[in-house]
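A.B. asks: coordinates only, sequence not included:
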C-alpha cells in the first residue's frame with residue numbers, strides 16, 4: 001500500500017512539474033532564455049561572493065597560524 005501511495009505522489013509531482021514547465025515556456029516564450037541568463041548570472045555572482053568570503057576567512061586563519069620570526 002505504501003508503494004502505491006509513493007507512486008501516486010510521484011505521479012502527481014510529475015504532473016505539477018510538467019504543468020509548470022509548460023506555463024514557463026508558454027508565457028515567456030523567447031524571453032525564457034533571458035530568464036535563464038538572469039538566473040545563471042545571479043547564481044554566479046552569489047557563488048563568487050560566498051567564495052570570496054570563504055577565501056578571506058581562510059587567509060586570515062592561515063595568517064594567524066603562521067610562525068613569527
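C.D. replies: Yep, that arrived. Source: prediction; values computed, not measured.
A.B. asks: tell me the pLDDT at residue 1?
C.D. replies: Looking at residue 1, its pLDDT stands at 87.
A.B. asks: Over to residue 47?
C.D. replies: pLDDT for residue 47: 97.
A.B. asks: got it, and the one 10 residues further on?
C.D. replies: Among the per-residue scores, residue 57 holds a pLDDT of 92.
A.B. asks: swap in the one 10 residues further on?
C.D. replies: Reading off the confidence values, residue 67 has pLDDT 64.
A.B. asks: dump the residue contacts of residue 61.
C.D. replies: When the contact criterion is Cβ atoms under 8 Å, 6 or more residues apart in numbering, residue 61 has no partners at all. (C-beta placed from N, C-alpha, C; glycine too.)
A.B. asks: Secondary structure element holding it?
C.D. replies: Secondary-structure element containing residue 61, defined by DSSP states H and E: helix 32-65.
A.B. asks: Nearest the middle, which residue of the chain would you pick?
C.D. replies: The residue at the geometric middle of the chain, judged as the C-alpha nearest the mean C-alpha position with Cα atoms, centre = their mean, is residue 43 (6.9 Å).
A.B. asks: So that residue versus residue 17, what's the distance?
C.D. replies: Applying Cβ to Cβ, to the nearest Å, one obtains 20 Å for the distance of residue 43 from residue 17.
A.B. asks: the inter-axis angle of the helix or strand harbouring residue 14 versus helix 32-65?
C.D. replies: With elements taken from DSSP H and E, the one containing residue 14 is helix 2-28. Interaxial angle of helix 2-28 relative to helix 32-65 (axes from the mean of the first three to the mean of the last three Cα atoms, to 10 degrees): 110 degrees.
A.B. asks: Many thanks, have a good one.
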